[in-house]
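Trainee: Quick one, structure for this:
(one chain, ligands or ions: 1)
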Amino acid sequence: MTAPSTKPHTLGAKPLASVPLLDLQRQFEQIRAEVLAAVGRVCASQQYILGSEVESFERDLADFCGAKEGVGCASGTDALWLALVTAGVQPGDQVLTTPFSFFASASAIARAGARPVFADINAATFNLDPTQVEAHLRRSGYRKLRALLPVHLYGQCADMDRFQVLASEFHLAVVEDAAQAIGAAWRDRRAGSASVAAAFSFYPTKNLSAYGEAGLVTTNDPELAAHMRRLRNHGSSRRYVHEELGWNSRLDAMQAAILHVKLKYVEAWNEARRHHAARYDKLFAEATLTPAKPGSEPASVSHATFNNQQSTVSESSPVQLPQTSPHAHHVFHQYVIRAHRRDELRKFLVARQIGCEVYYPIPLHLQPCFVYLGYREGDFPEAERAANEVLALPMFPELTEGEQRWVVASIAEFYG
Ligand SMILES: Cc1ncc(COP(=O)(O)O)c(C=O)c1O
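Mentor: Numbering: from 1, shown residues only. Predicted structure coming up:
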């Protein structure tokens, strides 16, 4: 007999044909007229590369982040490269980052001519663990280390206080990979405002997204910004004079104009994501799929409180919810659970056309192109465990309550 829809684990959910992981169409419908007007404006101006559209977007984006300068470029990957090189990273240097991130966090280090070095993540936040970084610095020395590159994964800032303290003790630059964290904050400082330089991506899936490729670096140092502006333009500040070897990584006016339209909505969109995260938490609690958290506030008003204990998922407690540090303003670029029998659950959801994704299935120290770094399986157990357990669920501002109910009820049915 089928359980009546009032049973807790069904959550009163109505079956749906599909739930997308991300639906950009719904966003476009809200802003269509403004976006098309901006595109028309750029076409009428015939200024397609850099120019006033780019400059005014750079200013407003820097303001939004609480930084003095913004330098637009072609992608988040290029933004990381610009940030690292202008922060002083040179061939032969080392840069320490997380092994649990998108590939570009490490490839940009290699592209700057430096060697990526990894330390393990914090099991609760999935972010680079300052305790592991400190252990590495005291154990392995830091003679060749030039910078720390924390990544604000899934929209939650890494522990910037402790990285700043370590950076000043060991004379390192802090460069933020803020690709997933526009509008996020650590205490009262927004991502992109409290480091030497911070890299943002506007890849179409991001919380602030272009209609193509785009990125930007923020910094509080006007000299660094001027250097970035040269580097993104073939190392040139005067036409056909190349002071150094740069690259073509300019932001185009069309993307800047579209991003500028969207920038004024980002705060509200981030709030919607936070609201949906709290609702997921509540629904998972109703479905009794997660262990009760001592001291946590009612799920309806707050997402799960920070818990630095080693997490485990098991048949009796198959789901672990995202954990948020009390110092972090999380903008839920992704809502990522740990799931018991993750790959089976994923197949089950995909068969129901419920969007879900693994960010990221192979930690960076085990990527084939980084074999030369000499790392092995087992070197970073928390990153490796996360790679086997994480699953991102549908998350975007326009996601509906009915969709969330169906996602959680489906997961409850899987664990049955
Ligand atoms: C953490 C992280 N770093 C860097 C990047 C690179 O950004 P892009 O794809 O714009 O080059 C991304 C996005 O894809 C990212 O998620």
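
Trainee: Quick one: name the residues of the stretch 51-200 of the chain near the ligand.
Mentor: Contacts of the stretch 51-200 of the chain with the ligand, taken as C-beta under 6 Å from any ligand atom, map to 75-77, 80, 101-102, 104-105, 151, 177, 179-180. (C-beta placed from N, C-alpha, C; glycine too.)

Trainee: out of these, which one sits closest to the ligand?
Mentor: The closest of these to the ligand turns out to be residue 76 (C-beta to the nearest ligand atom; 2.4 Å).

Trainee: Look up the pLDDT of that closest one for me, please.
Mentor: pLDDT, residue 76: 98.

Trainee: show me the contacts for it.
Mentor: 104, 179, 199-203, 206, 215 (C-beta atoms under 8 Å, 6 or more residues apart in numbering).

Trainee: Which one (most neighbours) among the residues of the stretch 51-200 of the chain next to the ligand?
Mentor: Per-residue neighbour counts (other C-beta atoms under 10 Å) across these peak at residue 80, which has 34 neighbours.

Trainee: tell me which element that residue falls in.
Mentor: Using DSSP states H and E, residue 80 falls within helix 76-86.

Trainee: How about residue 72?
Mentor: In this structure, residue 72 sits in strand 69-73 according to DSSP H and E.

Trainee: Look up phi and psi at residue 391.
Mentor: Phi and psi for residue 391, reported as degrees, to the nearest 10, are phi -150, psi 120.

Trainee: Mind listing the residues bridging to the residue lying closest to it once chain neighbours are set aside?
Mentor: Spatial nearest neighbour of residue 391, chain neighbours left out: residue 339 (4.9 Å); criterion: C-beta to C-beta, 6 or more residues apart in numbering. Beta-bridge pairing of residue 339, defined through DSSP bridges, involves residue 319.

Trainee: Let me know the pLDDT of residue 339.
Mentor: So, for residue 339, pLDDT stands at 97.

Trainee: Let me know whether it touches residue 345 as I believe.
Mentor: Yes - between residue 339 and residue 345 there is a contact under C-beta atoms under 8 Å: 5.0 Å.

Trainee: overlap in contacts of the two?
Mentor: Shared contacts of residue 339 and residue 345, defined by C-beta under 8 Å, 6+ apart, comprise 391, 411.

Trainee: Let me see the ranges of the helices in the chain.
Mentor: Ranges of helices in the chain, per DSSP state H, are 24-45, 52-65, 76-86, 104-111, 130-140, 160-170, 222-231, 253-263, 266-286, 342-351, 381-389, 401-415.

Trainee: Redo those helices as JSON lines? Include distance to residue 195.
Mentor: Shown next, in JSON lines, are these (distance: least, C-beta to C-beta, whole Å):
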{"stretch": "helix 24-45", "distance to residue 195": "29"}
{"stretch": "helix 52-65", "distance to residue 195": "11"}
{"stretch": "helix 76-86", "distance to residue 195": "9"}
{"stretch": "helix 104-111", "distance to residue 195": "14"}
{"stretch": "helix 130-140", "distance to residue 195": "14"}
{"stretch": "helix 160-170", "distance to residue 195": "7"}
{"stretch": "helix 222-231", "distance to residue 195": "11"}
{"stretch": "helix 253-263", "distance to residue 195": "21"}
{"stretch": "helix 266-286", "distance to residue 195": "20"}
{"stretch": "helix 342-351", "distance to residue 195": "33"}
{"stretch": "helix 381-389", "distance to residue 195": "22"}
{"stretch": "helix 401-415", "distance to residue 195": "34"}
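
Trainee: nearest to residue 360, of those helices?
Mentor: Distance to residue 360, taken as C-beta to C-beta, is lowest for helix 381-389 among the helices of the chain, at 6.4 Å.

Trainee: now do the same end-to-end measure for stretch 191-202.
Mentor: Using C-alpha to C-alpha, to the nearest Å, one end of stretch 191-202 lies 15 Å from the other.

Trainee: Next: stretch 358-378.
Mentor: One end of stretch 358-378 sits 20 Å from the other (C-alpha to C-alpha).

Trainee: Strands along the stretch 101-250 of the chain, start to end?
Mentor: 115-118, 145-149, 173-177, 185-186, 189-190, 197-201, 215-219 (DSSP state E, counting those that start in this stretch).

Trainee: still on that earlier bit, out of the helices of the chain, deepest packed?
Mentor: Highest mean neighbour count of these: helix 76-86, a mean of 29 (counted as mean count of other C-beta atoms under 10 Å).

Trainee: Counting neighbours, what do you get for whichever residue of the stretch 201-350 of the chain sits closest to the ligand?
Mentor: Closest contact between the stretch 201-350 of the chain and the ligand, by C-beta to the nearest ligand atom, is at residue 201 (3.3 Å). A count of nearby residues for residue 201, using other C-beta under 10 Å, gives 28.

Trainee: list the contacts for it?
Mentor: 75-77, 79, 179-180, 214-215.
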